[in-house]
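1. any chance you could fold what I've pasted below:
(one chain, ligands or ions: 2)
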Amino acid sequence: MPVILAIESSCDETSASVCVDGKILSNYIANQTVHEKYGGVVPELASRAHMQHIVPVVHTALNEAGYSITDIDAIAFTQAPGLIGSLLVGGQFAKSLSLALDRPLIAVHHMQAHVLANLIDDPKPDFPFLCLTVSGGHTQIVVCESPTNLKVIGETIDDAAGEAFDKSAKLLGLPYPGGPLIDKYAKEGDANRFKFPEPKIEGLNFSFSGLKTSILYFLQNAGKSNLFKEEFTATEKEKQEFIQNNLPDICASIQHRIVTILLNKVKKASLETGIINICLAGGVSANSGLRQAFEEAGKKYHWNTFIPAFQYCTDNAGMIAITGYYKYLAGQFADLTVGSTARAEW
Ligand code: KG4
Ligand code: ZN
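-> Ligands and ions are numbered 1, 2, ... in the order given. Below you'll find the predicted structure:
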């Protein structure tokens, strides 16, 4: 019955979770609002906010679970990847607790944890399963043979899916992070009105930077002829009017293209591996168009589909805790010399 305290601080959410014998008892998340006016996460401000949040966040997670700090058997923390200043706050805090309480430390890879969020609630996928992880920083297809045996078989060569949403939203003049707003406007729009080109990229990798450029040209031409070419036929006023008058259709068409790019690769991965247990993970799996298309593809191709509860899709310590639990069972502990790293293969 290991009691695991987990800490996540890789980007702009400070989160702590208590997990007992593989059950998540608390998953407290403090969001940082300080970045909104900058149109993106400011690393230095994120580190400072983590410093302010970490003690109360850990207290709240322990209180909600009904455990005291001395009850815990191990401390899991996000070791990589992420913003280095943010990672260091959670990492140093976890190491200090490990030393002070004389409890083992478990270093967790953030992307592995996004995948294993699918093992938190029932029904859980059988192994092996495929996972499409889509967040603001990553887009990956992973084969998961067991909780400690995961392999990346496809990933983005440029922007992540979340970035594709956020950068498109920025071109439309929507505030950061624009992904949820595109989702909102897309609900009222016609997804087939504008046909954005699909990138030609071999294998299981993704590319979203071409889509961003085509949206830029499309808007600069304000929906006139040669939609995706660099022509700049419209004035700024025409462009703004075009956006205002067509926002739902533009959002629905962009979302449709991002979703089809993602799902076409998942179909390919399923065919190539023969795996039909298929999961989603990461913040972009909150997107209603993606969820719907994923479920429809599941019915069509006879997949068993899984999507974690929303609180376990965006960055959260619950997913760090469940990964910590499986690493605890496998005896995979770290020592106090373990460093935080901004980028890390796995
Ligand atoms: O996993 P996450 O919370 O943080 C990272 O690790 O990046 O993902 C955040 C990303 C942002 O790009 C945000 O715009 C996107 O997820 N996102 C969405 C939606 N909700 C969050 N994108 C599209 N539709 C949504 N409903
Ligand atoms: Zn993440």
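
2. helices of the stretch 201-346 of the chain, residue ranges please.
-> Along the stretch 201-346 of the chain, counting by DSSP state H, counting those that start in this stretch, helices occupy 209-220, 236-273, 288-301, 317-329.

3. R343: which of these is closest?
-> Nearest to R343 among the helices of the stretch 201-346 of the chain is helix 317-329 (18.1 Å), distances taken as CB to CB. Backbone N, C-alpha and C define where each C-beta goes, glycine included.

4. and that closest one, what does it pack onto?
-> strand 3-8, strand 13-20, strand 23-31, strand 74-80, strand 105-109, helix 110-116 (3 or more CB pairs under 8 Å, 6 or more residues apart in numbering; DSSP states H and E).

5. could the ones you listed go into JSON lines alongside distance to ligand 2?
-> Below are the helices and strands packed on helix 317-329 laid out as JSON lines (distance: least, CB to the ion, whole Å):
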{"stretch": "strand 3-8", "distance to ligand 2": "9"}
{"stretch": "strand 13-20", "distance to ligand 2": "9"}
{"stretch": "strand 23-31", "distance to ligand 2": "12"}
{"stretch": "strand 74-80", "distance to ligand 2": "9"}
{"stretch": "strand 105-109", "distance to ligand 2": "11"}
{"stretch": "helix 110-116", "distance to ligand 2": "6"}
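
6. residues from the stretch 101-250 of the chain in reach of ligand 2?
-> Neighbours of ligand 2 within the stretch 101-250 of the chain, by CB under 5 Å from the ion: S135.

7. quick one on the thing from earlier: CSV for the helices and strands packed on helix 317-329, including mean neighbour count and mean pLDDT?
-> Output for these, formatted as CSV (neighbours: other CB atoms under 10 Å; pLDDT from 0 to 100):
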stretch, mean neighbour count, mean pLDDT
strand 3-8, 28, 98
strand 13-20, 28, 97
strand 23-31, 20, 96
strand 74-80, 26, 97
strand 105-109, 24, 98
helix 110-116, 26, 97
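
8. would you format the ones you listed as TSV with distance to R291 included?
-> Conversion of the helices and strands packed on helix 317-329 to TSV gives the following (distance: least, CB to CB, whole Å):
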stretch	distance to R291
strand 3-8	23
strand 13-20	21
strand 23-31	20
strand 74-80	25
strand 105-109	25
helix 110-116	16
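
9. out of those, nearest to L336?
-> strand 105-109 (6.9 Å).

10. for the closest one, C-alpha coordinates in PDB please.
-> Output of strand 105-109 as PDB, limited to C-alpha atoms (Å, rounded to 0.1, in the frame of the first residue of the first chain):
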ATOM      1  CA  LEU A 105      12.700   9.700  -4.500                       C
ATOM      2  CA  ILE A 106      11.100   8.800  -7.800                       C
ATOM      3  CA  ALA A 107      12.100  10.900 -10.900                       C
ATOM      4  CA  VAL A 108       9.300  11.000 -13.500                       C
ATOM      5  CA  HIS A 109       9.400  11.800 -17.200                       C
END
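
11. buried stuff in the lowest-mean-pLDDT helix or strand in the chain?
-> One helix or strand of the chain scores below all others by mean pLDDT, DSSP states H and E: helix 209-220, with a mean of 92. Across helix 209-220, burial judged by 16 or more other CB atoms under 10 Å covers 210-212, 214-215, 217-220.

12. helices or strands up against that helix?
-> helix 161-171, helix 236-273.

13. now check it, is it near ligand 1?
-> No. Helix 209-220 does not reach ligand 1 (CB under 6 Å from any ligand atom); its nearest approach is 13.2 Å.

14. number of nearby residues for the nearest residue to G179 once chain neighbours are set aside?
-> Nearest in space to G179, with sequence neighbours left out and distances taken as CB to CB, 6 or more residues apart in numbering, is F165 at 3.6 Å. Counted with other CB atoms under 10 Å, the neighbours of F165 add up to 30.

15. now S96
-> 12.

16. ditto for S207
-> By the criterion of other CB under 10 Å, S207 has 17 neighbours.

17. distance-wise, check it relative to N245.
-> From S207 across to N245, the span is 30 Å (CB to CB, to the nearest Å).

18. endpoint to endpoint, stretch 108-124 covers what distance?
-> 21 Å (CA to CA, to the nearest Å).

19. same deal with stretch 195-204?
-> Distance across stretch 195-204, first residue to last, is 22 Å (CA to CA).

20. mind listing residues that contact it?
-> Outside stretch 195-204, the residues within contact range by CB atoms under 8 Å, 6 or more residues apart in numbering are 141, 153-154, 157, 206-208, 210-211, 214-215, 218, 228, 253-254, 257, 260-261, 264-265, 268-269, 272.

21. low-confidence ranges, this protein, go.
-> 225-231 (pLDDT under 70).

22. which parts of it belong to which domain?
-> 3-118+311-329, 123-307 (automatic domain parsing).

23. now find how far off-centre the last one is within its chain.
-> For domain 123-307, the gap between its own C-alpha mean and the chain's C-alpha mean amounts to 13 Å (CA atoms, centre = their mean, to the nearest Å).

24. which residues does the residue in the stretch 1-150 of the chain that ligand 1 sits nearest to contact?
-> Using CB to the nearest ligand atom, the closest approach of the stretch 1-150 of the chain to ligand 1 is made by G136 at 2.7 Å. Contact analysis of G136 by CB under 8 Å, 6+ apart lists 11, 160, 162-163, 166, 177, 179, 283-284.
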